[in-house]
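In: predicted model follows, preceded by the sequence.
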Amino acid sequence: MGKYFGTDGIRGVFGEKLTSELCYRIGYALSQYFGKGEVFIGRDTRISGEEIESALIKGLSDGGMTAKCLGIVPTPAVAYLTKKSEAKCGIMITASHNPPSHNGIKFFDENGMKLNEEQEGSIEYYIDNSNSTHNESESILKNSSNNHYALKQDYIDYVVKTTSVDLSGYEIFLDCGYGATGTVAGEIFERLGAKVNIENYSLRGEKINAGCGALFPEYVQRTMHNAQRITHNDCVNNLNNTSDHSCALCDMRYALKKIGFSFDGDGDRLSVVYEGKIIDGDSVLYNLSRVISLNENVVAGTVLANLALEKKLLSEGKRLIRTPVGDKYICDLLFKKNYSLGGEQSGHYIIHPEMSTGDGIFAAIFFLKSVIEYGEVVILDLVPQKQISLKADRGIMFEKDFILLIKKWEEKLKGIGRLIVRMSGTEDKIRVMVECENEKIVEEALDEFREAIINNEC
């Protein structure tokens, strides 16, 4: 990670780490790095989004670039339109799954790919070595596009045409998490023939990801449960008022197959609920692998991918190739090796080359394709794996006692499990993952790390 960039762009609490002045300098730096030309800008629903957008556009304009504003759209729409239109780059203003007070900026090159670390380093140089200054009183000069709907519709049409699946036998429950998918998800699934129940689709940035969306699949799980209960009660009431004790309406409702999907704030993450159960991310990735033509029989995952996924793929003559944590590393591998599918437990799934970045809606439709083709969802028998995520200073990774603790557990788990300790690239947190067939060992290890981290913060 660099001075400004984390594992997925630049993020922070707006007004603290992320300011209008910094956003202006980022915009100007992009113009110096990419040169004159068009840049597409999208954003999620966060309240600070418009202010960040204005500062970015001013910096871009001062550097000679022309901004085409897409309004509120999912991140994959920005990536798709950037690539299709051969723009110089794409920008998404979002903090993804983070809380409403946070915001950030994701970046895409002309291929709709996230920037690599070398590109990020060059942009950081321009951020710190720019002579241009931000004057908030000056007007924005080159915001060239007000046709948000037409551009957004292009993305919707592409998803519908490319996935081309008949969902007329399905009732889909969608939780948009008060984020960007609220502007497109309902129309996409309806055009594919599904009966759609959509919640948290209003554009209320102050509620984005708050107890809903991809990080809280329990929300859509409860919605589906309540809908089933209401349908049953309606049926009972109807039967009590009819002489033939039949209810065609309720029969039709029960005949529809029900499945729930949750998306995070910018729509690049997906969580799945099937038959009332939350499906883990490794199982989602496996089910996707059943309906996607895999180049070289490879599925890309991260170091966090459960051993059960690797074994299941191996039993079918397929390989799991692991990358560092972060969907941009998976995307980079898919692009360089021309692999077809990659994903991570957190809900990022990339289907290449149709999409150049994670797309929750696109992945949801392909998951449905797997259900339609096989008539079932395979749920992997996961090796016990747990993770803790605690607030911590980055310096903890260099402290002698903590280094010794890591070495101790690496030795204990050698041959029987795995330990991964890393700083988050999007928050000031440390994440510790332990995987082992013996769940007692998993808990013991996490308890020791939890105590060490908490004591370090005191």
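Out: That came through fine.
In: how is this structure divided into domains?
Out: Structural domains assigned to the chain are 10-150, 165-268, 290-382, 385-457, following automatic domain parsing.
In: what's the helix or strand for Val421?
Out: Per DSSP states H and E, Val421 falls inside strand 417-423.
In: pull the CA atoms of that strand into CSV?
Out: This file holds the C-alpha atoms of strand 417-423, laid out as CSV (Å, rounded to 0.1, in the frame of the first residue of the first chain):
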residue,chain,number,x,y,z
GLY,A,417,-3.9,-25.6,9.0
ARG,A,418,-3.2,-22.1,7.9
LEU,A,419,-2.7,-18.7,9.5
ILE,A,420,-3.0,-15.3,7.7
VAL,A,421,-2.3,-12.0,9.5
ARG,A,422,-2.7,-8.8,7.5
MET,A,423,-3.6,-5.2,7.8
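In: what angle do the helix or strand that that strand is followed by and strand 417-423 make?
Out: Scanning forward in sequence from strand 417-423 by DSSP H and E, the next helix or strand is strand 429-436. Angle of strand 429-436 versus strand 417-423, following axes from the mean of the first three to the mean of the last three C-alpha atoms, to 10 degrees, is 180 degrees.
In: show me where the stretch 201-350 of the chain has helices.
Out: Under the criterion DSSP state H, counting those that start in this stretch, helices of the stretch 201-350 of the chain are mapped to 218-240, 248-255, 281-289, 307-315, 327-337.
In: which of those has the lowest mean pLDDT?
Out: Sorting these by mean pLDDT places helix 248-255 lowest, at a mean of 54.
In: quick check on the nearest residue to Gly9 once chain neighbours are set aside: phi, psi?
Out: Leaving aside its chain neighbours, Gly9 sits nearest to Lys106 (4.1 Å; criterion: C-beta to C-beta, 6 or more residues apart in numbering). Where you see a C-beta, it was placed from the backbone N, CA and C, and this is true even at glycine. Main-chain dihedrals, Lys106, degrees, to the nearest 10: phi -100, psi 150.
In: start the count at 44, not 1, going forward
Out: I'll keep to 44 as the first residue from here, and by that count the last item is Lys149.
In: just checking, Lys149 touches Thr125?
Out: No: under the criterion of C-beta atoms under 8 Å, Lys149 makes no contact with Thr125, lying 11.2 Å away.
In: what ranges does the stretch 194-343 of the chain have for its strands?
Out: 213-218, 238-242, 300-306, 313-317, 320-322, 341-345 (DSSP state E, counting those that start in this stretch).
In: now do the helix or strand where Ser165 lies: distance to the chain's middle.
Out: Element membership for Ser165, per DSSP H and E: helix 160-171. Averaging C-alpha positions (C-alpha atoms, centre = their mean, to the nearest Å) puts helix 160-171 24 Å from its chain's average.
In: got it, and stretch 438-454?
Out: Centroid separation between stretch 438-454 and its chain, computed with C-alpha atoms, centre = their mean, is 31 Å.
In: over to stretch 74-92?
Out: On C-alpha atoms, centre = their mean, the centre of stretch 74-92 falls 19 Å from that of its chain.
In: read off the pLDDT value for Ser289.
Out: With respect to pLDDT, Ser289 has a value of 54.
In: circling back: just the pLDDT for the residue nearest to Gly52.
Out: pLDDT, Lys149: 98.
In: ok, it - contacts?
Out: Each residue near Lys149 by C-beta atoms under 8 Å, 6 or more residues apart in numbering is listed here: 51-52, 118, 121, 134-135, 137, 139, 157, 309.
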